[in-house]
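# Starting from these lines, generate the structure:
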Amino acid sequence: MSSFQKELWAKAADILKESRLAIAMTGAGISVPSGIPDFRSPGGLWSKFDPQQVCSDWALINNPHGVWEFLLEAVKMFAAARPNPGHLTLARMEQTGIINSIITQNIDNLHQLAGSANVIEFHGGCGSFYCNQCRKDFDPALALNLNEKDIPWLCNDCQGIIRPSVVFFGEQIPAQAMLQSQDLAERADVVLIVGTSGEVAPANVFPQWIKRRGGKIIEINLGSTAYDGLSDLKLDMPAEIALPGIMDMLDRQ
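This is a model prediction of the structure:
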């Protein structure tokens, strides 16, 4: 590690230590080291599937088999993934009172597996399944045993398509997630942005709210993002390196 990296970690640690209420916002970048490629990146799921054909409100009604071709691959990929040092460090930051909550755009459940308790799944998650027609709940473990001959997975009561509790294209953000996120953004004085480029609305507005109220933004992202010029501190390095480095500095204080 370089002295420059250590300097950035120390600056981030100082900002977090001085905050009254800090939150984290995470996106696909934090889960890449766990074996889940960004859906939009080369090799990601959107390079294999058209999201409108397999992950939209239209597809749920008109292309249930295509939806489950996509879900078979996604669910098994998520099940094989394990939290990496980035997830584990955020869990420890919450447990030690450094951050209050995590707002995540991810649907992989890795924050919860890492031990984070206050997680707002802005786009829902694959931790629960239900019938899109009658709303009956189904055991998510059953999804792992499905194969090509079992799809589409249909409700045994009404024959509606069974789907995960994620936000498909064309659907609204869950009201509770939106209200909780808005409340945190109105109260937080520091936001730690990790692995999200700020291109997806409406989640990308919350750091702007915090900044307008005099709060600070710490960004951990590789390369240029929509937050360029907005962040108070940018750590252009992988989350699984940056977050443990910041935590190490906090432990020394």
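# got the contact list for the nearest residue to Gln52 once chain neighbours are set aside?
Using C-beta to C-beta, 6 or more residues apart in numbering and skipping residues adjacent in sequence, the residue nearest Gln52 is Phe169, 6.3 Å away. All C-beta spots, glycine's among them, are computed from the backbone N, C-alpha and C. By C-beta atoms under 8 Å, 6 or more residues apart in numbering, the contact list for Phe169 reads Pro51, Gln52, Cys55, Ser56, Asp57.
# from what I can see the last one touches Glu171, true?
Yes. In this structure Asp57 lies within contact range of Glu171 using C-beta atoms under 8 Å: 5.4 Å.
# hmm, back to that, got phi/psi on the residue nearest to Gln52?
When read as degrees, to the nearest 10, the backbone of Phe169 gives phi -60, psi 130.
# and it, bridged to which residues?
Ser56 (DSSP bridges).
# ok, it to Asn109 distance?
For Phe169, the distance to Asn109 equals 21 Å [C-beta to C-beta, to the nearest Å].
# what do you get for Glu69?
When Glu69 is compared with Asn109 (using C-beta to C-beta), they lie 21 Å apart.
# Likewise for His65?
Distance from His65 to Asn109, by C-beta to C-beta: 25 Å.
# okay, the two: which has more neighbours?
Asn109 (20 against 13; other C-beta atoms under 10 Å).
# Tell me how far the more buried one lies from Phe168.
In terms of C-beta to C-beta, Asn109 sits 17 Å off from Phe168.
# Show me what the residue nearest to Leu192 when sequence neighbours are not counted bridges to in the sheet.
Nearest residue to Leu192, sequence neighbours excluded (C-beta to C-beta, 6+ apart): Ala24, at 4.4 Å. Under DSSP bridges, the beta-bridge partners of Ala24 are Ile102, Leu192.
# all helices for the stretch 151-253 of the chain, in order.
175-187, 206-212, 239-252 (DSSP state H, counting those that start in this stretch).
# any idea which of those helices is most buried?
helix 239-252 (a mean of 20; mean count of other C-beta atoms under 10 Å).
# picking that back up, and the buried ones among the contacts of Phe169, selectable in ChimeraX?
Selection of buried members from the contacts of Phe169 for ChimeraX, criterion 16 or more other C-beta atoms under 10 Å:
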select :55,56
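# Could you single out the nearest of the contacts of Phe169 to Arg212?
Of all the contacts of Phe169, Pro51 has the smallest distance to Arg212: 32.0 Å, by C-beta to C-beta.
# Once you drop chain neighbours, what's closest to the spatially most central residue of the chain?
The residue lying closest to the centre of the chain (C-alpha atoms, centre = their mean) is Asn106, at 2.5 Å. Spatial nearest neighbour of Asn106, excluding adjacent residues (C-beta to C-beta, 6+ apart): Ser31 at 5.7 Å.
# roughly how far apart are that neighbour and Asn109?
In terms of C-beta to C-beta, Ser31 sits 10 Å off from Asn109.
# contacting residues for the residue nearest to Gly125 when sequence neighbours are not counted?
Spatial nearest neighbour of Gly125, excluding adjacent residues (C-beta to C-beta, 6+ apart): Ile107 at 4.9 Å. Counting by C-beta under 8 Å, 6+ apart, Ile107 touches Phe78, Glu121, His123, Gly124, Gly125, Cys126, Pro164, Val166.
# try 6 Å this time
His123, Gly125, Cys126, Val166 (C-beta atoms under 6 Å, 6 or more residues apart in numbering).
# Go through the residues you listed and flag the one the model is least confident about.
Least confident of the contacts of Ile107 in the model: Cys126, at 91.
# In a helix, that residue, correct?
No. Cys126: not assigned to a helix; according to DSSP: H, G, I helix; E, B strand; the rest coil it is strand.
# Report the spatially nearest residue to it, omitting neighbours in sequence.
Spatial nearest neighbour of Cys126, excluding adjacent residues (C-beta to C-beta, 6+ apart): Pro164 at 4.6 Å.
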